[in-house]
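Chemist: the following comprises the amino acid sequence and a computationally predicted model.
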Amino acid sequence: MSVRGFQMTSFQRRNTLLFVAISALSTWASGQNAAPTPAWPTKTVRIIVGFPGGSSPDLTARTLAEPLSKALGQPVIVENKVGAGGNIGADYVAKATDNHTLGLMINGNMTTAKLLNPKLAYDPLKDLQPVSLVGVSPLVLTAPLNAPGATAAEFFNAAKQAGDSWSYGSPGVGTIGHIGMELLKSRTGMKVVHVPFPGYAQVASGLVGGLLQLSMLPPAQAIAQVKGGKLRAIGVTSSGRSSLAPDYPSMSEAGVPNFNLEIWNAVAAPKNLPAPVVAKLSKLVSEISRSPEVRQKLFQQGWQVVGSSPEGLANRIQADTALFGGVIKTLGVSSD
């Protein structure tokens, strides 16, 4: 091979061919890297909520839907698929294949659901992927207005002395109100007996009517009853005071150190939703949740905003599954 009379050696010829091949490969790779990411979303995005309209998860989903729609440039609608403590909606999300279906979940749907019912149609850890932890909230340990003891420590002492003659209410077997109280019993030596109710409203009525001696209620519900002079707040179920209920002592202050129990809600997606879409959604949900207007709305609904990454939510799921799973295993609790 020659160029304008220059005769190339076989070594030079091989190097030239190698250079041409590498250049061609680099050009192809650059073209691949420059290829645009497929547009998403291309149609209406649905947020599935496993609870009825007006419930806390429903309100959170609707608070996020409008700003998320503006950010995505497509309609975002909320659909309620009610039943089984939110698990019907969670199962629907897990089985969705259209790449445009999300779920607004409570922590039970993503942690204890399969532990409580091994026959559950979906597996939270295998069939759902985390998008963003939206908000967290402690519960408020609440008692009748005439509950004994001037302090939380004195109340716990009275509860221990009462043995199994006292009872507590929860919105059902396997709920955080149930598992959380059993965890508190193990830390304080209380022997209070569990009485399940259909929901928190009935639990609160049971406390006001003197049918129950204590329960863990969401802050919005507990504070309304306490300020109305109908119930007494013993403390919040977090290691430190909560901005949602700053007037009430933490469990550490109440004499139960290292006790931290929170309810939370989160956005989740089917396992098959592409990773770039999940990353985009997580960034948007986090930014929207932390925006001043949305943060204030969620605070009024009883949530301290987090707005986490998928990894942050995954870590929370892992920690809570281990915590609650230990109680479920010890007690042999089942919702099947």
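Modeler: Everything's here; your move. Predicted model, so just to flag it, every value in this text is computed and none were measured.
Chemist: can I get stretch 212-219 in PDB? Just the C-alpha atoms.
Modeler: The C-alpha trace of stretch 212-219 is given here as PDB (Å, rounded to 0.1, in the frame of the first residue of the first chain):
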ATOM      1  CA  LEU A 212     -60.300   1.500  76.400                       C
ATOM      2  CA  GLN A 213     -57.500   2.700  78.600                       C
ATOM      3  CA  LEU A 214     -55.000   3.600  75.800                       C
ATOM      4  CA  SER A 215     -54.200   3.600  72.200                       C
ATOM      5  CA  MET A 216     -51.800   5.000  69.600                       C
ATOM      6  CA  LEU A 217     -53.600   7.500  67.400                       C
ATOM      7  CA  PRO A 218     -52.500   9.700  64.400                       C
ATOM      8  CA  PRO A 219     -51.500  13.200  65.500                       C
END
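Chemist: pull out the buried residues from that stretch.
Modeler: In terms of neighbour count (16 or more other CB atoms under 10 Å), stretch 212-219 has its buried residues at 212-219. For glycine as for every other residue, the C-beta is placed from the backbone atoms N, C-alpha and C.
Chemist: now swap in stretch 215-235 and tell me
Modeler: So for stretch 215-235, counting by 16+ other CB under 10 Å, buried means 215-223, 225-226, 230-235.
Chemist: what is the closest residue to residue 304 other than its chain neighbours paired to in the beta sheet?
Modeler: Take residue 304 and drop its neighbours on the chain: the residue closest to it by CB to CB, 6 or more residues apart in numbering is residue 136, 5.4 Å away. In this entry, residue 136 is beta-bridged to residue 264, residue 304, by DSSP bridges.
Chemist: okay, now residue 136: neighbour count?
Modeler: 20 (other CB atoms under 10 Å).
Chemist: looks like it contacts residue 261 (just checking).
Modeler: No. Under the criterion of CB atoms under 8 Å, residue 136 is not in contact with residue 261, lying 10.4 Å apart.
Chemist: list the contacts for the spatially most central residue of the chain?
Modeler: Centrality entry for the chain: nearest residue to the mean C-alpha point is residue 265, 3.4 Å, by CA atoms, centre = their mean. By CB atoms under 8 Å, 6 or more residues apart in numbering, the residues touching residue 265 are 56-57, 60, 104-107, 134-135, 303.
Chemist: hmm, which two among those residues are most spread apart?
Modeler: Spanning the widest gap among the contacts of residue 265 are 105 and 303, at 13.7 Å by CB to CB.
Chemist: compare neighbour counts for the two and give me the winner.
Modeler: residue 105 (32 against 26).
Chemist: partners of the helix or strand where the more buried one lies in the sheet?
Modeler: In this structure, residue 105 sits in strand 101-106 according to DSSP states H and E. Sheet pairing of strand 101-106 (DSSP bridges) gives strand 45-49 (parallel), strand 262-270 (antiparallel).
Chemist: hmm, who's touching the first one?
Modeler: Residues outside strand 45-49 that contact it (CB under 8 Å, 6+ apart) are 55, 57-58, 61, 64-65, 68-69, 72, 74-81, 86, 89, 92-93, 96, 100-104, 267.
Chemist: for the buried ones among the residues you listed, write the corresponding PyMOL selection.
Modeler: PyMOL command restricting the contacts of strand 45-49 to the buried ones, with burial defined by 16+ other CB under 10 Å:
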select buried, resi 55+57+58+61+64+65+68+69+72+76+78+80+81+86+89+92+93+96+100+101+102+103+104+267
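Chemist: so residue 130 sits right up against residue 270, yeah?
Modeler: No. Judged on CB under 8 Å, residue 130 makes no contact with residue 270 at a distance of 11.8 Å.
Chemist: of those two, who's got more company?
Modeler: Neighbour count, other CB under 10 Å: between residue 130 and residue 270, residue 130 has more, with 24 against 20.
Chemist: contacting residues for that one?
Modeler: Counting by CB under 8 Å, 6+ apart, residue 130 touches 110, 266, 268, 310-311, 313-314, 317.
Chemist: run the last query once more with 6 Å
Modeler: Contacts for residue 130 were tallied using CB atoms under 6 Å, 6 or more residues apart in numbering; they are 310, 313-314.
Chemist: please apply the same query to residue 183.
Modeler: residue 327.
Chemist: circling back to that earlier point, just the contacts of strand 45-49: which are in helices?
Modeler: In this view, these that belong to helices under DSSP state H are 57-58, 61, 64-65, 68-69, 72, 89, 92-93.
Chemist: for those residues, which one is nearest residue 203?
Modeler: The closest of those, once distances to residue 203 are taken by CB to CB, is residue 57, at 18.1 Å.
Chemist: and the closest one, what's its pLDDT?
Modeler: Note for residue 57: predicted pLDDT of 92.
Chemist: and the helices in this protein, which stretches?
Modeler: Under DSSP H, the chain gives helices at 10-34, 56-72, 87-95, 107-110, 113-116, 124-127, 152-162, 176-188, 200-208, 219-227, 275-290, 292-300, 310-331.
Chemist: got phi/psi on residue 213?
Modeler: phi -100, psi -20 (degrees, to the nearest 10).
Chemist: list the contacts for it?
Modeler: Contacts of residue 213 (CB under 6 Å, 6+ apart): residue 166.
Chemist: gap between it and residue 249?
Modeler: 19 Å (CB to CB, to the nearest Å).
Chemist: rewinding a little: closest one to residue 161 out of the contacts of residue 130, please.
Modeler: residue 313 (41.5 Å).
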